[in-house]
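Student: From the sequence below, what's the structure:
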Amino acid sequence: MKQIVALIALWIVCMPARAQDTRAMADSVRQHRRIPALVYAVVSSDSVFLMQGVGYKQFRTKDTVSLSNRFHIGSATASLTSFIAVQLVAKGKLKWNTPLLQLIPSLAAKCRPEFRGIILADLLSQRAGLVVVNELKEIYTIPPYSGPGVQQRMLFAQWALQQKGGKDTSGKKVFRFSNANTIMAVVMLEKASGKPWEELLKEYVNKPLGIDVKTGWPNSLSPNEPWGHWVEGGGRYIAIDPKYWFHISLAFTGAADANITIGDYARFVQDELKGLRSEKAVLTPGNMK
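Tutor: Purely as a prediction, here's the structure:
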């Protein structure tokens, strides 16, 4: 017993030094990769072992980041959409094998033949074979849309179903990540629930977990939040003002446009870990399969 106590005491004494070592290593990676700031956490289902941040809210400033700052998570937003989908399926709003065109018949008119059998599970597992729209050059091929988010996402769905997809020549369903798959899944969730994704986010993610995920660039909420950066000619990084010409279309909201603090993101991850361990969680083992 004395040996166990001694080991625990030694581990506690060493923790500050270990944290400093981790911070130095993270900052080294940040500088090597030319990243303005980096926040990170090490968690288990019931503990946060480490949570730190290094760097600055903008290049060429000394405004350091804190753990209360919000960061844009890009296509990791898809995990939030899957989190919502699991709960809607559990409530019987739709099923994993619900066909897209059965739920939304209006999309069938100009749908390519290879997409007529798409089901919800295909979309969330990134096996629907839809057109890849991840890089800027791919996103630029999408027509401009206007109106509220629900409308823009439906217009995108109509367009995506008319584009040549990414299935391999064997015709098998293979994994190929595309924001288009997630956007199409969002369209299904909105149709089945009768609510826009933004409301579903509040109801099925923020409220039950006690966190605060928002949409858009963090610095559109406050100039004191971290800024995104753009590489101009010559490799020079510039901080992007919220009014800069580049923005993420509302069509992409549920696929690639959320921001969150590292603490809230850790809580989100912990709930999934708890579910996998059969502990009390929003997502239980039964509805995570």
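
Student: Can you classify the residue nearest the centre of the chain by secondary structure?
Tutor: Most central in the chain under C-alpha atoms, centre = their mean is residue 77, positioned 1.6 Å from the mean C-alpha point. Counting by DSSP: H, G, I helix; E, B strand; the rest coil, the backbone at residue 77 sits in helix.

Student: distance of it from residue 258?
Tutor: Going from residue 77 to residue 258 by C-beta to C-beta, to the nearest Å gives 4 Å. Every residue, glycine included, has its C-beta placed from N, CA and C.

Student: one step back: would you agree the residue nearest to the centre of the chain is in contact with residue 259?
Tutor: No: counting by C-beta atoms under 8 Å, residue 77 does not reach residue 259; the two are 9.2 Å apart.

Student: Contact partners for the residue nearest to the centre of the chain?
Tutor: By C-beta atoms under 8 Å, 6 or more residues apart in numbering, residue 77 lies in contact with 182, 253, 254, 255, 256, 257, 258.

Student: The same query, at a cut-off of 10 Å, please.
Tutor: By C-beta atoms under 10 Å, 6 or more residues apart in numbering, residue 77 lies in contact with 179, 182, 186, 197, 201, 213, 215, 248, 252-260.

Student: how about the strands of the stretch 1-150 of the chain, start to end?
Tutor: 37-43, 48-55, 70-72 (DSSP state E, counting those that start in this stretch).

Student: all helices for the stretch 1-150 of the chain, in order.
Tutor: 2-32, 78-90, 100-103, 120-124, 136-139, 149-160 (DSSP state H, counting those that start in this stretch).

Student: between residue 77 and residue 258, what contacts are shared?
Tutor: 201, 213, 215.

Student: Just give me the closest of the residues you listed to residue 91.
Tutor: Nearest to residue 91 out of these is residue 201 (C-beta to C-beta; 16.0 Å).

Student: got a list of what the closest one touches?
Tutor: Residues near residue 201 by C-beta under 10 Å, 6+ apart: 77, 80-81, 83-84, 195, 207, 213-215, 253-254, 258.

Student: Now the buried members of the residues you listed.
Tutor: 77, 80, 81, 83, 84, 195, 213, 214, 215, 253, 254, 258 (16 or more other C-beta atoms under 10 Å).

Student: could you redo the residues you listed as CSV and give each row pLDDT and distance to residue 120?
Tutor: Output for the buried ones among the contacts of residue 201, formatted as CSV (pLDDT from 0 to 100; distance: C-beta to C-beta, whole Å):
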residue, pLDDT, distance to residue 120
77, 97, 17
80, 98, 16
81, 98, 11
83, 97, 14
84, 98, 12
195, 98, 16
213, 98, 22
214, 98, 26
215, 96, 22
253, 96, 18
254, 97, 14
258, 97, 20
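
Student: Of these, which is the nearest to residue 264?
Tutor: residue 213 (6.8 Å).

Student: Residue 263 is in contact with that closest one, correct?
Tutor: No: at 11.9 Å, residue 213 does not count as touching residue 263 under the criterion of C-beta atoms under 10 Å.
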